[in-house]
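Chemist: just coords:
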Ligand SMILES: Cc1cc2nc3c(=O)[nH]c(=O)nc-3n(C[C@H](O)[C@H](O)[C@H](O)COP(=O)(O)OP(=O)(O)OC[C@H]3O[C@@H](n4cnc5c(N)ncnc54)[C@H](O)[C@@H]3O)c2cc1C
């Protein structure tokens, strides 16, 4: 049996695990860092992510004319997360929310800057809330280089650390259980997957940083939120293939508390990846705002139309309320070029490669490359020169005749006719929201100015079939502000910490029911740093 010893054992080499390892090494500790995945995937989901981080009160905000404060952010956070629904279970999440908004500038932003990580100059305004109950101001800061740079820079810092010799780094190691020595957690045991050999890793402290549960679709279904009816027949996987909650179960076995697992941050714009790296691999589209969002029959979902940028959870809830829980977006090439995007590093090469020229080109002339990739490869996208042909292709794709041509035609024509009457007479909620979105510079560049769907010069027409894609676990292992894992009576379990998505980003669900976005990557850095501070005493 292989065995490893350190002062601390970290299970999981995603962002939370890497940050914890860096901080412990810098404080003179010996660290064992174990990950189930291959070394190529070191960095976990952060490496694939877009790299948007919620930070309050930054120079980027100030330069963009935004005044933001922890008090304003906390108000937004608590209202958007619907805190107050169940006060007893919100004690730790609320304290974490408060701590995050107070400390994000110093403990996330400044810390990342010290590691050479920078941000695009203009913060984005995401999750505004359906009726203004979300982010009052833009505070989503996109990492220059996407999550690939974020994870990459920290991995380089770890590998080049002056105390690198004090780090035992092992891949292909699956932890299965925690080791309990007289009531104190002193390590973990598991299996080296390639050889089947068992291993143990021991230390004075153990940090669980194994991510959430959303990579296991059976588990996602088991914990499906009551607001979302029954789980859809098809759910795509946009999480980590090893985010299966194995260590959540190990914590439960030790008497630990795991809370709010039915709170998830899933997306409504999921399409199948054509080069899947896991079963049911889904991409999450940034759904075009100028597209008409239709249900499985081709009827516009309403009465308030679906428009992204306001409330991600509401989009999921509304699609799941339909008899068949998938949807269609109807658009044209002009809209696609300006608005269609895919979340993550993979399909944002200009930002990922830090190409200022490429970024400017995509912003001004549309992201031709991503649109062409999607159209050429994605099984859930159909294109046609005319609407009858498009609807025929939609039905052929679905394998039935559920989409009614007359309904789609009448819906698109009514919408286009309203646009033609001119902005002074716009009385469609989607057009009102498009006008509102365009008022913020960061969105004006990426949102068409009232684009008709059937316009002859904007084609061909495009329809995208969108499934729910599983992404982030908002709930998780309950922790106090030192990231110490709490037992079901609320007392810390000696020796055991949890950080990142495993801990619901802090407190077993610091976001509440909804997230202001960017609190995930931010929450990984923050909760890992709090764990280390607590360990160092
Ligand atoms: C495409 C995409 C875009 C995203 N964009 C953003 C964004 O813009 N902003 C934002 O805030 N968030 C974003 N996220 C979410 C964010 O990336 C994650 O929430 C965050 O990176 C989670 O980090 P983590 O360290 O907690 O867990 P993970 O990244 O899941 O890492 C956990 C690690 O633990 C390992 N592991 C799991 N089980 C075991 C075991 N039993 N034994 C040993 N090792 C194990 C895994 O192999 C993995 O390496 C995005 C996610 C994706 C997929």
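Modeler: Yes, it's here. The model shown is predicted, which means the values in this text are computed figures rather than measured ones.
Chemist: roughly how far apart are residue 263 and residue 486?
Modeler: Separation of residue 263 from residue 486 (Cβ to Cβ, to the nearest Å): 18 Å. The way it works is simple: take the backbone N, C-alpha and C, and place the C-beta from them, glycine included.
Chemist: again with residue 41
Modeler: 30 Å.
Chemist: and those two? Which one has more around it.
Modeler: Taking neighbours as other Cβ atoms under 10 Å, residue 41 and residue 486 compare with residue 486 leading, 23 against 20.
Chemist: could you measure from the more buried one over to the ligand?
Modeler: Distance, residue 486 to the ligand, by Cβ to the nearest ligand atom, to the nearest Å: 18 Å.
Chemist: for that residue, helix, strand, or coil?
Modeler: Classification of residue 486 using DSSP: H, G, I helix; E, B strand; the rest coil returns strand.
Chemist: ignoring the adjacent residues along the chain, who's closest to residue 1?
Modeler: Among residues not flanking residue 1 along the chain, residue 198 sits closest, at 4.9 Å (Cβ to Cβ, 6 or more residues apart in numbering).
Chemist: what bridges to that neighbour?
Modeler: Beta-bridge partners for residue 198, by DSSP bridges, are residue 191.
Chemist: OK, contacts around it?
Modeler: Each residue near residue 198 by Cβ atoms under 8 Å, 6 or more residues apart in numbering is listed here: 1-2, 189-192.
Chemist: distance from the chain centre to stretch 508-525, please.
Modeler: 9 Å (Cα atoms, centre = their mean, to the nearest Å).
Chemist: residue 78 - how many residues pack around it?
Modeler: If you count neighbours by other Cβ under 10 Å, residue 78 ends up with 18.
Chemist: how about the one 5 residues further on?
Modeler: A total of 18 residues lie near residue 83 under the criterion other Cβ under 10 Å.
Chemist: helix, strand, or coil at it?
Modeler: Assigned with three-state DSSP, residue 83 falls in the coil class.
Chemist: does it touch residue 93 like I think?
Modeler: Yes. Applying Cβ atoms under 8 Å as the test, residue 83 and residue 93 come out as touching, 7.4 Å apart.
Chemist: which residues are common contacts for the two?
Modeler: With Cβ under 8 Å, 6+ apart, residue 83 and residue 93 have common neighbours residue 512.
Chemist: quick check: which element contains residue 147?
Modeler: helix 146-159 (DSSP states H and E).
Chemist: what mean pLDDT does that helix get?
Modeler: Averaged across helix 146-159, pLDDT comes to 98.
Chemist: which element follows it toward the C-terminus?
Modeler: Next helix or strand after helix 146-159 toward the C-terminus (DSSP H and E): strand 167-170.
Chemist: what pairs with the longest strand seen in the chain, parallel or antiparallel?
Modeler: Criterion DSSP state E: the longest strand present in the chain is strand 461-473. Within its sheet, strand 461-473 is paired with strand 235-237 (parallel), strand 264-272 (antiparallel), strand 327-332 (antiparallel), strand 381-384 (antiparallel), according to DSSP bridges.
Chemist: anything in it near the ligand?
Modeler: Yes. Strand 461-473 lies within reach of the ligand by Cβ under 6 Å from any ligand atom, at residue 472.
Chemist: still on that earlier bit, of the contacts of residue 198, which is the most crowded?
Modeler: Neighbour max across these (other Cβ under 10 Å) = residue 190, 21 neighbours.
Chemist: these two touch, right, that residue and residue 199?
Modeler: Yes. Using Cβ under 8 Å, residue 190 is in contact with residue 199, at 6.0 Å.
Chemist: close to the ligand: what parts of the stretch 101-250 of the chain are there?
Modeler: 147, 173-175, 209-211, 238, 240, 242-243, 246-247.
Chemist: for those, which two are the farthest from each other?
Modeler: Within those, two members stand farthest from each other by Cβ to Cβ: 173 and 238, at 24.9 Å.
Chemist: how far is the helix-or-strand element of the chain with minimal mean pLDDT from where the chain is centred?
Modeler: Lowest on mean pLDDT, DSSP states H and E among the helices and strands of the chain sits helix 356-365, with a mean of 86. Taking Cα atoms, centre = their mean, one finds helix 356-365 lying 24 Å from the centre of the chain it belongs to.
Chemist: got the buried residues for that helix?
Modeler: In terms of neighbour count (16 or more other Cβ atoms under 10 Å), helix 356-365 has its buried residues at 358-359, 362.
Chemist: tell me the contacts of residue 447?
Modeler: 289-290, 338-339, 434, 437-438.
Chemist: again, only this time at 7 Å
Modeler: Counting by Cβ atoms under 7 Å, 6 or more residues apart in numbering, residue 447 touches 289-290, 339, 434, 437-438.
Chemist: got it, and residue 486?
Modeler: Residue 486 neighbours (Cβ under 7 Å, 6+ apart): 256-257, 478-480, 492.
Chemist: rewinding a little: out of the residues of the stretch 101-250 of the chain next to the ligand, which are inside strands?
Modeler: Short answer: these in strands (DSSP E) are 173-175.
Chemist: ok, so of these, who is nearest residue 329?
Modeler: Of all those, residue 174 has the smallest distance to residue 329: 39.0 Å, by Cβ to Cβ.
Chemist: mind listing the strands for the stretch 401-537 of the chain?
Modeler: 461-473, 476-477, 484-486, 492-498 (DSSP state E, counting those that start in this stretch).
Chemist: how about a markdown table for those, with mean pLDDT added?
Modeler: Shown next, in a markdown table, are these (pLDDT from 0 to 100):
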| stretch | mean pLDDT |
| --- | --- |
| strand 461-473 | 98 |
| strand 476-477 | 98 |
| strand 484-486 | 98 |
| strand 492-498 | 98 |
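Chemist: ranking by neighbours, what's the top pick from the residues of the stretch 101-250 of the chain next to the ligand?
Modeler: Counting neighbours by other Cβ under 10 Å, residue 210 comes out on top of those with 36 neighbours.
Chemist: quick check, that one in contact with residue 13.
Modeler: No. Applying Cβ atoms under 7 Å, one finds residue 210 not in contact with residue 13, separated by 9.6 Å.
Chemist: my guess is residue 214 meets residue 241, correct?
Modeler: No. Judged on Cβ under 7 Å, residue 214 makes no contact with residue 241 at a distance of 10.8 Å.
Chemist: of those two, who's got more company?
Modeler: Set residue 214 next to residue 241 and count neighbours by other Cβ under 10 Å: residue 214 wins out with 29 against 15.
Chemist: need the three-state assignment for the more buried one.
Modeler: Judged by three-state DSSP, the three-state class of residue 214 is coil.
Chemist: could we number from 855 for the rest of this?
Modeler: Got it, first residue is 855 now, which makes that one residue 1068.
Chemist: that one - nearest residue in space that isn't next to it in sequence?
Modeler: Nearest residue to residue 1068, sequence neighbours excluded (Cβ to Cβ, 6+ apart): residue 1093, at 3.9 Å.
Chemist: distance check, the nearest residue to residue 1284 once chain neighbours are set aside against the ligand.
Modeler: The shortest distance from residue 1284 to any residue other than its chain neighbours is 4.3 Å, reached at residue 1159 (Cβ to Cβ, 6+ apart). As judged by Cβ to the nearest ligand atom, residue 1159 and the ligand stand 25 Å apart.
Chemist: same thing with residue 957?
Modeler: In terms of Cβ to the nearest ligand atom, residue 957 sits 16 Å off from the ligand.
Chemist: residues near the residue in the stretch 1205-1354 of the chain that the ligand sits nearest to, how many?
Modeler: For the stretch 1205-1354 of the chain and the ligand, the shortest gap (Cβ to the nearest ligand atom) falls at residue 1354, measuring 2.5 Å. Per other Cβ under 10 Å, the neighbour tally for residue 1354 reads 36.
Chemist: show me which residues of the stretch 1155-1304 of the chain sit near the ligand.
Modeler: 1197-1198.
Chemist: tell me which element the residue of the stretch 1155-1304 of the chain found nearest the ligand falls in.
Modeler: Using Cβ to the nearest ligand atom, the closest approach of the stretch 1155-1304 of the chain to the ligand is made by residue 1198 at 3.0 Å. Using DSSP H and E, residue 1198 falls within no helix or strand.
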